[in-house]
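> fold the following and give me the result.
(one chain, ligands or ions: 1)
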Amino acid sequence: MSKLKDYEAKRDFSETPEPGLLPEGATGRFVVQEHHARSLHWDLRLELDGVLKSWAVPKGVPEETGTKRLAVEVEDHPIEYLTFHGIIPEGQYGAGTVDIWDEGYFALVERNEGKYHVVLMGRRLRGLYILIRTKENQWLLWKRLDEHGEQA
Ligand code: MN
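Numbering: from 1, shown residues only. Below you'll find the predicted structure:
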C-alpha cells in the first residue's frame, strides 16, 4: 500500500494541477528530449536509482517495431532534468536548444548488467523497448512489442 494513500485519496488528479502519483505498475517517469546541439540527437532518460539513467540517440527513439538504433550511454542526470527544456548557452556543454519530445511513465520489466526491458507509456512512445549494451558506452535500442503486444 502506498505511503501516500491519504494524499491520493483526497484529490482528483484529472481536476487538480497538483502532482499525482505514479500509475499502477509504473516504475518511474521517462523523458525524451530533442537536443539541437552541435549534432542533433534525442536524449532518452529513465528515472531509476534516484537519478535519470541517460542515453543519447543520434537517430531518435524508434516509434515502430523492427528498427534498431544506436544509443550512447551518457552521464546520469538529476531527476529535475525530466522537465528541462530551453537553451543551453553557447560555450556550455551541450550548447543548443532542448525540447521535450515525449514524456510519461515506464515499467521496468527486466534489468541486468547491460540490459533493460522497459514498457514505455508516453504520448508518442508506447510499448516494450529493449536496451542492450554492445560495447563500452554503446547500446542498441529497439521497440519489441507495441502496446497491444503485437510484433512487427
Ligand atoms: Mn543531449
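> the residue lying closest to residue 115 once chain neighbours are set aside is in what secondary structure piece?
Of all residues beyond its chain neighbours, the one nearest residue 115 is residue 132 (5.5 Å), with distances taken as C-beta to C-beta, 6 or more residues apart in numbering. In short, each C-beta sits where N, CA and C put it, glycine included. Remark: residue 132 resides in strand 126-135, with elements defined by DSSP states H and E.
> list the contacts for the closest residue to the ion within the chain?
The nearest approach of the chain to the ion comes at residue 35, 3.8 Å away (C-beta to the ion). Contact partners of residue 35, counting by C-beta atoms under 8 Å, 6 or more residues apart in numbering, are 41-43, 56, 94, 96-98.
> the ion next: which of those are close?
residue 43 (C-beta under 5 Å from the ion).
> the contacts of residue 35: which two are farthest apart?
Distance extremes for those: the farthest pair is 56 and 97 at 15.1 Å, using C-beta to C-beta.
> and the helix or strand hosting residue 117, what does it pack against?
Secondary structure from DSSP H and E places residue 117 in strand 115-122. Helices and strands touching strand 115-122, by 3 or more C-beta pairs under 8 Å, 6 or more residues apart in numbering; DSSP states H and E, are strand 28-36, strand 96-112, strand 126-135.
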